[in-house]
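Participant: Can you look at this prediction? I've put the sequence above it.
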Amino acid sequence: QVQLVESGGGLVQAGGSLRLSCAASGRTFSYAAMGWFRQAPGKEREFVARINWSGGSTYYADSVKGRFTISRDNAKNTLYLQMNILKPEDTAVYYCALCYGSSCFSVRSWGQGTQVTVSS
């Protein structure tokens, strides 16, 4: 069972930046696609970005494309999400996910989440 632990959330002003990290235990991380999701108050959890096992392929939700960058370091078993030009509507709990297959339509494991709050 892979354990995922997110960090790096916090309070930031609109236009600012944050970098989220997700530390994974176990060897499965290096062979699996990974994703970031978020859930705002009163809303369903939504997809943000995904990355394939090697880091060579990424995909983003339209709402974050051009502002967020997903990356990974397999030697450190760590997933990242660099978030730039943050907007108040980016406020949510952010979760990293170990995915089944390459699409992240199905998730094998979730982290506990980290809160991101963007003030206007």
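Facilitator: Cool, got the structure.
Participant: Go ahead and confirm Leu79 touches Ala32.
Facilitator: No. Counting by Cβ atoms under 8 Å, Leu79 stays clear of Ala32, with 10.1 Å between them. To be clear about C-beta, it is placed using only N, CA and C from the backbone, and glycine gets the same treatment.
Participant: Those two: who's more crowded?
Facilitator: Leu79 (28 against 22; other Cβ atoms under 10 Å).
Participant: What segments of the protein are strands?
Facilitator: Under the criterion DSSP state E, the chain contains strands at 4-7, 10-13, 18-24, 34-39, 46-51, 58-60, 68-73, 78-83, 92-100, 106-110, 114-119.
Participant: what's the span of stretch 73-90, first residue to last?
Facilitator: For stretch 73-90, the first-to-last residue distance is 25 Å (Cα to Cα, to the nearest Å).
Participant: For the protein, name the helix or strand with the lowest mean pLDDT.
Facilitator: For the chain, the helix or strand with the lowest mean confidence is strand 106-110, at a mean of 94 (criterion: mean pLDDT, DSSP states H and E).
Participant: residues of that one that come out buried?
Facilitator: Neighbour-count burial for strand 106-110, with 16 or more other Cβ atoms under 10 Å as criterion, is recorded at 107-109.
Participant: and if you look at stretch 101-120?
Facilitator: Buried-residue list, stretch 101-120, by 16+ other Cβ under 10 Å: 104, 107-109, 111, 113-114, 116, 118.
Participant: Would you reformat the residues you listed as JSON lines and include distance to Lys87?
Facilitator: What follows is the buried residues of stretch 101-120, written out as JSON lines (distance: Cβ to Cβ, whole Å):
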{"residue": "Cys104", "distance to Lys87": "23"}
{"residue": "Val107", "distance to Lys87": "25"}
{"residue": "Arg108", "distance to Lys87": "30"}
{"residue": "Ser109", "distance to Lys87": "29"}
{"residue": "Gly111", "distance to Lys87": "23"}
{"residue": "Gly113", "distance to Lys87": "19"}
{"residue": "Thr114", "distance to Lys87": "18"}
{"residue": "Val116", "distance to Lys87": "11"}
{"residue": "Val118", "distance to Lys87": "6"}
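Participant: Go through the residues you listed and say which is closest to Ala14.
Facilitator: When the buried residues of stretch 101-120 are compared for distance to Ala14 (Cβ to Cβ), Val118 wins out at 5.6 Å.
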